[in-house]
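Asker: Let's see this in three dimensions:
(one chain, ligands or ions: 1)
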Amino acid sequence: MSDAPHNLLVQTCSDWGLNLNPTQLDQLAHYAQLLREWNERINLTTITDLGEIYRRHFLDSLSLARFWGTGPQSLVDIGSGAGFPGLVLKILRPELRLTLVESVGKKAEFMRHVARELNLYAVRVLDVRAEDVGRNAAERAKHDLVTARAVAELRVLVEYALPLLQMHGRLLAAKGPAVYSEVAAAEHALRVLGGKVVGIEPVELPGQDAHVVVLVEKINPTDPRYPRAAGVPTRKPL
Ligand SMILES: C[S@@+](CC[C@H](N)C(=O)[O-])C[C@H]1O[C@@H](n2cnc3c(N)ncnc32)[C@H](O)[C@@H]1O
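Answerer: Predicted coordinates:
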């Protein structure tokens, strides 16, 4: 491949204070190759150009690491699709315990394959709904970071994420331009579920429209009635 996608990734990460070693860069190159191969058989992404995979999947995912503080240990990525941002963040921080939640079985199978091929350890892939994970006592209040990109509007996402978080754990939600109306609409849900928006951070990515990361902190325990049964949070948002 041309060196341009690789060089852009290395340079932008370095500008952000994130350094990728040769093993991590090889893992990302292998991931891109697997994504393109599997995408010929199953619909994983509409982004197939290598440069675009590096920018719109890899860099976009890595940008979240700028907002996660000193050292999360247990990350849950909700609605991971083909692994974004969760698997990319795992490549960046191999010591993280990672849970990928993706209800579509074929996508989950792809992520398991990538984790095996890249020799990533401590990765669980759950092909279930996020609501069902949050209703499982073994998962509640056990994680210190949740991420999600392009999964649901914020008031729905906080019902998926907050039950999983320990006190003072954080949700990092990658959002587009409608973020301020989403934050306003999530006010009630945040009060009910014990969360607070502690930051709305614009992210500049080379050659792309700016997007925004919403930082939500868990400030109170979540009532065991939440999340409601699968499908209810989207049908009847709080
Ligand atoms: C638009 S895709 C985004 C995928 C990935 N996060 C990305 O940014 O490329 C949304 C994904 O979330 C999954 N999803 C949506 N709601 C979910 C839920 N309640 N539980 C688990 N997965 C969910 C869908 O199956 C889909 O793969």
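
Asker: Show me where this protein has its helices.
Answerer: In the chain, the helices defined using DSSP state H lie at 4-15, 22-39, 50-52, 60-62, 86-92, 105-117, 130-134, 154-161, 179-185, 187-193, 232-235.

Asker: Going by neighbour count, list what's buried in stretch 46-61.
Answerer: Buried residues in stretch 46-61, defined by neighbour count with 16 or more other C-beta atoms under 10 Å: 47, 50-61. Heads up, the C-betas are built off the backbone N, CA and C, glycines and all.

Asker: Would you work out how far apart the start and end of it are?
Answerer: 16 Å (C-alpha to C-alpha, to the nearest Å).

Asker: for the chain, which strand is longest?
Answerer: When the chain is parsed with DSSP state E, its longest strand is strand 165-175.

Asker: Check what contacts it and list those residues.
Answerer: 60, 63-64, 67-69, 85, 141-150, 154, 157-158, 161-162, 182, 195, 198, 203, 211-221 (C-beta atoms under 8 Å, 6 or more residues apart in numbering).

Asker: hmm, back to that, return the most buried member of the helices of the chain.
Answerer: Greatest average neighbour count among the helices of the chain goes to helix 154-161 (a mean of 28), per mean count of other C-beta atoms under 10 Å.

Asker: what's the angle between it and strand 165-175?
Answerer: Helix 154-161 runs at 140 degrees relative to strand 165-175, counting by axes from the mean of the first three to the mean of the last three C-alpha atoms, to 10 degrees.

Asker: Look at Asp209 and say how many residues are nearby.
Answerer: Number of residues near Asp209 (other C-beta atoms under 10 Å) recorded here: 8.

Asker: pLDDT score for it?
Answerer: For Asp209, the model assigns a pLDDT of 72.

Asker: In contact with it, which residues?
Answerer: Shown in contact with Asp209 (C-beta under 8 Å, 6+ apart): Pro177.

Asker: how far does stretch 56-73 stretch from start to finish?
Answerer: End to end - C-alpha to C-alpha - stretch 56-73 spans 25 Å.

Asker: Enumerate the residues of this structure near the ligand.
Answerer: With C-beta under 6 Å from any ligand atom as the criterion, the chain comes near the ligand at residues 79-81, 84, 101-104, 107, 129-131, 149-151.

Asker: Of those, which qualify as buried by neighbour count?
Answerer: For those, buried by 16+ other C-beta under 10 Å: 79-81, 84, 101-103, 107, 129-131, 149, 151.

Asker: Tabulate the residues you listed (JSON lines), appending distance to Ala29 and pLDDT.
Answerer: Listed next are those as JSON lines, based on distance: C-beta to C-beta, whole Å; pLDDT from 0 to 100:
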{"residue": "Gly79", "distance to Ala29": "25", "pLDDT": "98"}
{"residue": "Ser80", "distance to Ala29": "20", "pLDDT": "98"}
{"residue": "Gly81", "distance to Ala29": "20", "pLDDT": "97"}
{"residue": "Phe84", "distance to Ala29": "16", "pLDDT": "97"}
{"residue": "Val101", "distance to Ala29": "26", "pLDDT": "98"}
{"residue": "Glu102", "distance to Ala29": "23", "pLDDT": "98"}
{"residue": "Ser103", "distance to Ala29": "29", "pLDDT": "97"}
{"residue": "Lys107", "distance to Ala29": "21", "pLDDT": "98"}
{"residue": "Arg129", "distance to Ala29": "32", "pLDDT": "98"}
{"residue": "Ala130", "distance to Ala29": "30", "pLDDT": "98"}
{"residue": "Glu131", "distance to Ala29": "35", "pLDDT": "98"}
{"residue": "Arg149", "distance to Ala29": "21", "pLDDT": "96"}
{"residue": "Val151", "distance to Ala29": "27", "pLDDT": "96"}
